[in-house]
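Engineer: This is the structure alone, sequence omitted:
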């Protein structure tokens with residue numbers, strides 16, 4: 001009993017030391033997070049909660065103020081609030097070919113034409129928009145492969161389907 005209490009205390013103590021060291025390393029690193037609030041955002045409590053949930057250096061601006069910033073310099077961008085589709089698309093396009101992670105926290109509109117995954121940020125559900133590896137030439141090659149592959153499969157299975165159609169016709173007489 002005493003051994004398990006000591007083990008628990010030591011694990012807790014070392015976990016706290018590890019968290020402190022990791023937070024200090026994140027704050028001292030060059031990695032930064034940018035939180036972009038929509039121009040119509042009324043509650044800044046959500047932004048403060050999100051800001052305090054990260055151990056990286058965090059900056060804040062509104063959508064109309066972000067135009068002066070190079071978004072590709074940031075480790076992560078979190079868009080908070082309701083944005084028009086055009087605004088979200090503009091933000092995402094600016095970082096599409098970089099390693100910057102893009103999250104959107106809103107109860108309203110989300111982009112529909114990108115891949116996203118839900119993620120928990122300090123007990124707030126955010127959608128992380130994923131960068132597609134298929135852009136430009138890769139997208140064209142994938143489409144060509146899809147057409148050629150489906151044509152070959154149709155040719156291969158057409159004989160079997162013809163036999164099934166003949167068997168049904170004979171059986172239904």
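Structural biologist: Alright, I've got the coordinates. Note that this is a predicted model, so its numbers are computed, not measured.
Engineer: How about the contacts made by residue 140?
Structural biologist: Listed by CB atoms under 8 Å, 6 or more residues apart in numbering, residue 140 has no contact partners. To be clear about C-beta, it is placed using only N, CA and C from the backbone, and glycine gets the same treatment.
Engineer: Tell me how this protein divides into domains.
Structural biologist: Per automatic domain parsing, the domain ranges recorded for the chain read 1-29, 31-130, 134-173.
Engineer: mind checking how far the last one is from the chain centre?
Structural biologist: Pointing back at domain 134-173 there. Centre-to-centre, domain 134-173 and its host chain are 34 Å apart (CA atoms, centre = their mean, to the nearest Å).
Engineer: Quick one: mean pLDDT over that domain.
Structural biologist: The predicted model gives domain 134-173 an average pLDDT of 87.
Engineer: The second one now?
Structural biologist: Across domain 31-130, the average pLDDT comes to 75.
Engineer: rewinding a little: tell me which of the domains of the chain is the most buried.
Structural biologist: Ranked by mean neighbour count, the domains of the chain are led by domain 31-130 with a mean of 16 (mean count of other CB atoms under 10 Å).
Engineer: Next, the distance between the ends of it.
Structural biologist: End-to-end span of domain 31-130 (CA to CA, to the nearest Å): 19 Å.
Engineer: tell me the mean pLDDT over the strand or helix carrying residue 10?
Structural biologist: Assigned by DSSP states H and E, residue 10 belongs to helix 2-28. Per-residue pLDDT values across helix 2-28 average out to 73.
Engineer: The next helix or strand after it vs helix 2-28, what angle?
Structural biologist: Once helix 2-28 ends, the next helix or strand along the chain (criterion: DSSP H and E) is strand 32-37. Strand 32-37 runs at 80 degrees relative to helix 2-28, counting by axes from the mean of the first three to the mean of the last three CA atoms, to 10 degrees.
Engineer: Strand 32-37 pairs with which strands?
Structural biologist: When pairing is defined by DSSP bridges, strand 32-37 lines up against strand 57-62 (parallel), strand 76-80 (parallel).
Engineer: Dump these to a markdown table, plus distance to residue 161.
Structural biologist: Below are the strands paired with strand 32-37 laid out as a markdown table (distance: least, CB to CB, whole Å):
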| stretch | distance to residue 161 |
| --- | --- |
| strand 57-62 | 60 |
| strand 76-80 | 50 |
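Engineer: who wins for proximity to residue 102 among these?
Structural biologist: Closest to residue 102 of the strands paired with strand 32-37 is strand 76-80 (CB to CB; 5.2 Å).
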